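Undergrad: Fold the following, please.
(2 chains, ligands or ions: 2)
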Amino acid sequence: MAGFLQEIVEGLGAGAIYASLALALVLIYQFTGIVNFAQGELAMFSAYIAWQFMAAGLPFWLALVLTLAVSFVGGMLIERVVIRPVEGAPELTVVIVTVGLFIFVNAAAGWIWSFLIKDFPNPFPGGAIEAGGLSLGYSTLGIMAVVGVVMGLLYLLFQHTKVGLGMRAVASNPSSARLVGIRVGWTLALGWGLAATVGAVSGILVAPLLFLEPNMMGGVLIYAFAAATLGGFDSPVGAVVGGLVVGVAETLAGAYVGFIGSDLKVGVPLVIILFILLLRPQGLFGRAAVERA
Amino acid sequence: MSENAFLTVTDLRAGYGGARVLHGVSLAVGQGEICAILGPNGAGKTTLLRALSGMVRVRGDVRLDGADLSGRSPDTIARQGVAHVPEGRGTFMPLTVEENLRLGAFVRRDRRSLRGLRDLRGRRGGSAVDADLERVHTYFPVLKTRLKQVAGSLSGGEQQMLAIGRALMLRPRLLLLDEPSLGLAPMVTQELFRIVRAVNEEERTTVVVVEQNAHLALSIAQQAHVLESGRIVLSGSAEQIRADEQVAQSYLGYRV
Ligand SMILES: Nc1ncnc2c1ncn2[C@@H]1O[C@H](COP(=O)(O)OP(=O)(O)OP(=O)(O)O)[C@@H](O)[C@H]1O
Ligand SMILES: [Mg+2]
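TA: Numbering: from 1, shown residues only, chains lettered A, B, ... in the order given. Ligands and ions are numbered 1, 2, ... in the order given. Okay, here's the model as predicted:
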């Protein structure tokens, strides 16, 4: 039993990371209807930026703050420069553009920092709290706390600020949002900036666990897709719940389903995606398809 | 048309992409007047309102109290005090009724931005925006009982009231109404027009109303224009248009 609970705790820890990247995906999808395939690569790039700051001698937390700021501005710039020109273009065009962005960012990271793996310091201490036969690693707890804080901040932003209200208005009805005087273009850019910032958090959480290298987010992105599909692409809460469920499902499947083991468990998110798309395409928390104005 | 009209539109041209819809529309509306725009489907009535609020690109001249509005962005025009209730109401469905109303005051800067930030969420009573929320409740008491409800759950009539209430939150100098009667029962429509009239009288708000129900529109308007294929084909006082039944029949396609 303790072993089972332990697996669940591990799963939640992994799930919190998927949740953070899924949150970034959902943020962009909500505002623009775009599934940003480059989200993982942007997160990876942000992790490199943090690494660069630390290599220059800055302490971790300062590097973190600077990286979040750079990522925010970078996300807004990408929206303005890369996405704006294809706004309103057919979906396939936009998908191709984000895939192109994926390849470009990946190559750029390799070109700047090489494809050799780099060590990334873990901001959390190594030990664990032993409680009731469970071992709660500080790292796992720290990751969950960070994701919890990110969620809380997003909640405050969306529910308790004017900017957040404007962003929700844009997500719900862009043309009415323009009519009440909201600058929709800037709001979309803001959405990308926010998503890039949240993604940066997930990149910085992943890097110490996996080593920093340009392809480190590939797997995480798949899990994040599964999480967003499960929770509903238009629901931030769904993204987080979806991330946690995917993390736990993956860990339990790896531990208890004999033939899956640790090699096949990457197949778990794909199975989840497939089943959700067949059974409940809008996801657990999503609203059934409504036309986007 | 008076020299010192509040809203003057001169040779307005507008369209979508390559397709031009308005071919040189000119009109003037005096301060505190109600102006009705009539005309058949596809005449360009909605496009005219969208041109006035900056939602479509325009050529020509639009002036509000002397200020040039042509070519301005919707947020700039909203800041000038132009509120547009779009065809189909434009409700923010998943947001609450209160949030919908407060969004109407989005561009208002009645106080420092930081305090305004809190005011918009209603954390602090007694602000100008809160006072306007009260004012909207007196026009539309039903909205007050639904404040925390999701706007998408309102009936069609309630959503139209919400849309007009949202526009009033701007304290508009010019109110643009696009077919407020669309899909509503006659009783509800009459009530809405009565309220529009009351707003116009009590706050001296200038109103441009597009309406299929010519009879109702002419009953509250001082002047009217008939739009057809992107051109104004008939203008006059509401009485003139109403009296001129033959003209009305041929242009409007129904008795007024
Ligand atoms: N978004 C758009 N893109 C392209 N053409 C449009 C668009 N909206 C309207 N039109 C065209 O512009 C013309 C005028 O449309 P508009 O909606 O202004 O007419 P209307 O007088 O409001 O009609 P109705 O009484 O049916 O609401 C129509 O021919 C319509 O097909
Ligand atoms: Mg119309």
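Undergrad: going forward, measure contacts and count neighbours with C-alpha atoms only.
TA: Noted.
Undergrad: Show me the shaky parts of the stretch 151-293 of chain A.
TA: Confidence mapping of the stretch 151-293 of chain A against pLDDT under 70 gives the ranges A:258, A:260-264, A:287-293.
Undergrad: Return the residues in contact with the residue of it found nearest chain B.
TA: Nearest residue of the stretch 151-293 of chain A to chain B (Cα to the nearest Cα) works out as A:Gly181 at 3.6 Å. Residues near A:Gly181 by Cα atoms under 8 Å, 6 or more residues apart in numbering or on different chains: B:74-79, B:106-107.
Undergrad: Skipping its backbone neighbours, what lies nearest it in space?
TA: Using Cα to Cα, 6 or more residues apart in numbering or on different chains and skipping the chain neighbours, the partner closest in space to A:Gly181 is B:Asp75 (3.6 Å).
Undergrad: now the one you found: how far from B:Leu103?
TA: Separation of B:Asp75 from B:Leu103 (Cα to Cα, to the nearest Å): 12 Å.
Undergrad: So between those two, which is more surrounded?
TA: Ranked by neighbour count (other Cα atoms under 10 Å in any protein chain shown), B:Asp75 and B:Leu103 place B:Leu103 first, with 27 against 23.
Undergrad: Could you look up the SS state of A:Ile34?
TA: Of the three states, A:Ile34 takes coil under DSSP: H, G, I helix; E, B strand; the rest coil.
Undergrad: Quick one: neighbours of the single nearest residue of the stretch 51-200 of chain A relative to ligand 1, just the number.
TA: The nearest approach of the stretch 51-200 of chain A to ligand 1 comes at A:Ser175, 11.3 Å away (Cα to the nearest ligand atom). A:Ser175 sits with 17 neighbouring residues when counted by other Cα under 10 Å.
Undergrad: before we move on, what about A:Ala55?
TA: As a burial measure, A:Ala55 scores 11 neighbours (other Cα under 10 Å).
Undergrad: How about B:Ile220?
TA: 19.
Undergrad: Same question for A:Asn122.
TA: Around A:Asn122 there are 15 other residues, counting by other Cα under 10 Å.
Undergrad: Same question for the one 4 residues further on.
TA: Per other Cα under 10 Å, the neighbour tally for A:Gly126 reads 10.
Undergrad: Likewise for A:Leu68?
TA: Neighbourhood size, A:Leu68 [other Cα under 10 Å]: 25.
Undergrad: OK, contacts around the closest residue to it other than its chain neighbours?
TA: Nearest non-adjacent residue to A:Leu68, counting by Cα to Cα, 6+ apart: A:Thr197, 5.3 Å away. Neighbouring residues of A:Thr197 by Cα under 8 Å, 6+ apart: A:68-69, A:71-72, A:75.
Undergrad: again, only this time at 6 Å
TA: Neighbour list for A:Thr197: A:68, A:71-72 [criterion: Cα atoms under 6 Å, 6 or more residues apart in numbering or on different chains].
Undergrad: Can you tell me the SS state at the spatially most central residue of chain B?
TA: The centroid of chain B falls nearest to B:Leu176 when counting by Cα atoms, centre = their mean (1.8 Å). At B:Leu176, secondary structure determined by three-state DSSP is strand.
Undergrad: In this structure it contacts B:Val208, no?
TA: Yes: under the criterion of Cα atoms under 6 Å, B:Leu176 makes contact with B:Val208 at 5.0 Å.
Undergrad: Now residue 199: phi and psi?
TA: Assuming you mean chain A. phi -60, psi -40 (degrees, to the nearest 10).
Undergrad: that's the wrong chain, I wanted chain B
TA: Dihedral angles of B:Val199 (phi, psi; degrees, to the nearest 10) stand at phi -60, psi -50.
Undergrad: Now name the helix or strand holding the residue nearest to A:Gly181.
TA: helix B:74-79 (DSSP states H and E).
Undergrad: in a helix, that's where B:Thr91 is, yeah?
TA: No: looking at B:Thr91 with three-state DSSP, it is coil, so not inside a helix.
Undergrad: one step back: counting only helices, which of the contacts of A:Thr197 make the cut?
TA: Residues of the contacts of A:Thr197 located in helices (DSSP state H): A:68, A:71-72.
Undergrad: Which stretches in chain B count as helices?
TA: Assigned by DSSP H, the helices in chain B fall at B:45-52, B:74-79, B:97-103, B:113-121, B:128-139, B:141-144, B:156-168, B:186-203, B:214-220, B:238-243, B:245-252.
Undergrad: Which of the ones you listed sits closest to A:Phe233?
TA: Using Cα to Cα as the measure, helix B:97-103 is the one of these that comes nearest A:Phe233, at 23.1 Å.
Undergrad: Residues touching that closest one, excluding its own?
TA: Helix B:97-103 is contacted from outside by B:147, B:149, B:151, B:166, using Cα under 6 Å, 6+ apart.
Undergrad: Output the residues you listed in a markdown table, with neighbour count, distance to A:Tyr138 and pLDDT appended to each entry.
TA: Formatted as a markdown table, the contacts of helix B:97-103 follow (neighbours: other Cα atoms under 10 Å in any protein chain shown; distance: Cα to Cα, whole Å; pLDDT from 0 to 100):
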| residue | neighbour count | distance to A:Tyr138 | pLDDT |
| --- | --- | --- | --- |
| B:Leu147 | 16 | 44 | 93 |
| B:Gln149 | 16 | 42 | 93 |
| B:Ala151 | 23 | 44 | 95 |
| B:Arg166 | 27 | 50 | 97 |
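Undergrad: Take those and write them to JSON lines, including distance to chain A.
TA: Formatted as JSON lines, the contacts of helix B:97-103 follow (distance: Cα to the nearest Cα, whole Å):
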{"residue": "B:Leu147", "distance to chain A": "15"}
{"residue": "B:Gln149", "distance to chain A": "15"}
{"residue": "B:Ala151", "distance to chain A": "11"}
{"residue": "B:Arg166", "distance to chain A": "9"}
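Undergrad: now those residues in TSV, with distance to ligand 1?
TA: Formatted as TSV, the contacts of helix B:97-103 follow (distance: Cα to the nearest ligand atom, whole Å):
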residue	distance to ligand 1
B:Leu147	30
B:Gln149	29
B:Ala151	23
B:Arg166	21
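Undergrad: Tell me which two in those are the farthest apart.
TA: Using Cα to Cα, the contacts of helix B:97-103 span at most 15.2 Å, a distance reached by B:Gln149 and B:Arg166.
Undergrad: in the stretch 1-150 of chain A, which spans are helices?
TA: Under the criterion DSSP state H, counting those that start in this stretch, the stretch 1-150 of chain A contains helices at A:2-32, A:39-55, A:60-78, A:91-113, A:138-160.
Undergrad: quick one, which of those is nearest to A:Phe225?
TA: Among the helices of the stretch 1-150 of chain A, the nearest to A:Phe225 by Cα to Cα is helix A:2-32 (6.5 Å).
Undergrad: coming back round to it: export the ones in helices among the contacts of A:Thr197 to a markdown table and append columns for pLDDT.
TA: Listed next are those as a markdown table, based on pLDDT from 0 to 100:
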| residue | pLDDT |
| --- | --- |
| A:Leu68 | 97 |
| A:Ser71 | 98 |
| A:Phe72 | 98 |
